[in-house]
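Asker: with the input below, show me the fold.
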Amino acid sequence: MLHAKQVTKQYWTTPVALVVEHLNTDIMKTLIIGANGQIGSILAAKLKKSNHSPVLMLRTEKQIEEYKNRGYDTVLGDLEKDFGHAFEGVEAVVFTAGSGAHTGDDKTHLIDRVGAKKAVDEAIKHKAKRFIMVSAFGADMDSSQWPASMSTYYAAKADADKYLLQTNLDYTILLPGKLTNESGTGNVMLGDKLEQRSGSIPRADVASVITHIIDAKQTYGEALELLSGEVPVNAAIKSI
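Answerer: Predicted structure coming up:
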């Protein structure tokens, strides 16, 4: 893992000190699983502009060519096959893949449960300590509270989350509310158990939260619910 140079703030004027403080973070080579999805593609763009180094796991050669032409590092990988090679040299993993709303229960099982668990196993095997799992608001509730039409999806998410919880990885499980394609506001509610028990959030804001928590150590070992709110992303993360 690379580390930005440590500099004592008192030797600088305030503006420069603030810049140094911002740069004084861990720079992580971050594998995005689900990089061609809606959250994943937004996240890739945000990470590319950050101090981190994103690597996009993509399923087809066409996707590889498209993203390479846009300046991204990519790796070919399919959750339904062996994708261990994608973890070479990786320090952080973001799992934001999903089977999609228009697939059957079999795909939900293969992607949201089996694929997620395999990703956890590969992270452990390749010593990628940081792992962010994008789950779903309510996945940690009693199964009797899940909508019948979504029970297979929630069960798969819950099983994958529990599997991650049993590891020694520096994990964060994000449980966002109903995902929308509205423009991000940059304001959220984030916490282990929010007072508001339902709601939505733009995918862009989920991507923003992921970008900022990758090296936010106070979020390690946490399962955090995430909804739209009134608190700026940075402040919400600092409050954890």
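Asker: off-centre distance for the longest helix along the chain?
Answerer: Longest helix in the chain, counting residues (DSSP state H): helix 151-165. Put simply, helix 151-165 sits 15 Å off its chain's centre (CA atoms, centre = their mean, to the nearest Å).
Asker: list the buried residues for it?
Answerer: Neighbour counts over helix 151-165 (16 or more other CB atoms under 10 Å) mark Thr152, Tyr153, Tyr154, Ala155, Ala156, Lys157, Ala158, Asp159, Ala160, Asp161, Leu164 as buried. C-beta here means a position set from N, CA and C on the backbone, and glycine is covered the same way.
Asker: average pLDDT across it?
Answerer: What helix 151-165 shows for mean pLDDT is 96.
Asker: who does that helix touch, helix- and strand-wise?
Answerer: Contacts defined by 3 or more CB pairs under 8 Å, 6 or more residues apart in numbering; DSSP states H and E place helix 151-165 against helix 105-108, helix 116-125, strand 130-134, strand 170-176.
Asker: want to try JSON lines for these, with distance to Thr219 and mean neighbour count as columns?
Answerer: Putting these into JSON lines (distance: least, CB to CB, whole Å; neighbours: other CB atoms under 10 Å) gives the following:
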{"stretch": "helix 105-108", "distance to Thr219": "27", "mean neighbour count": "15"}
{"stretch": "helix 116-125", "distance to Thr219": "17", "mean neighbour count": "20"}
{"stretch": "strand 130-134", "distance to Thr219": "9", "mean neighbour count": "25"}
{"stretch": "strand 170-176", "distance to Thr219": "5", "mean neighbour count": "23"}
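Asker: which one of the ones you listed lies closest to Glu225?
Answerer: With CB to CB as the measure, strand 170-176 is the member of the helices and strands packed on helix 151-165 nearest Glu225 (4.8 Å).
Asker: what's the angle between that closest one and helix 151-165?
Answerer: Taking axes from the mean of the first three to the mean of the last three CA atoms, to 10 degrees, one finds strand 170-176 and helix 151-165 inclined to each other by 160 degrees.
Asker: run the chain-centre distance for strand 170-176.
Answerer: Centroid separation for strand 170-176 versus its chain: 7 Å, with CA atoms, centre = their mean.
Asker: what is that strand packed up against?
Answerer: Helices and strands touching strand 170-176, as assessed by 3+ CB pairs under 8 Å, 6+ apart, comprise strand 130-134, helix 151-165, helix 203-213, strand 222-228.
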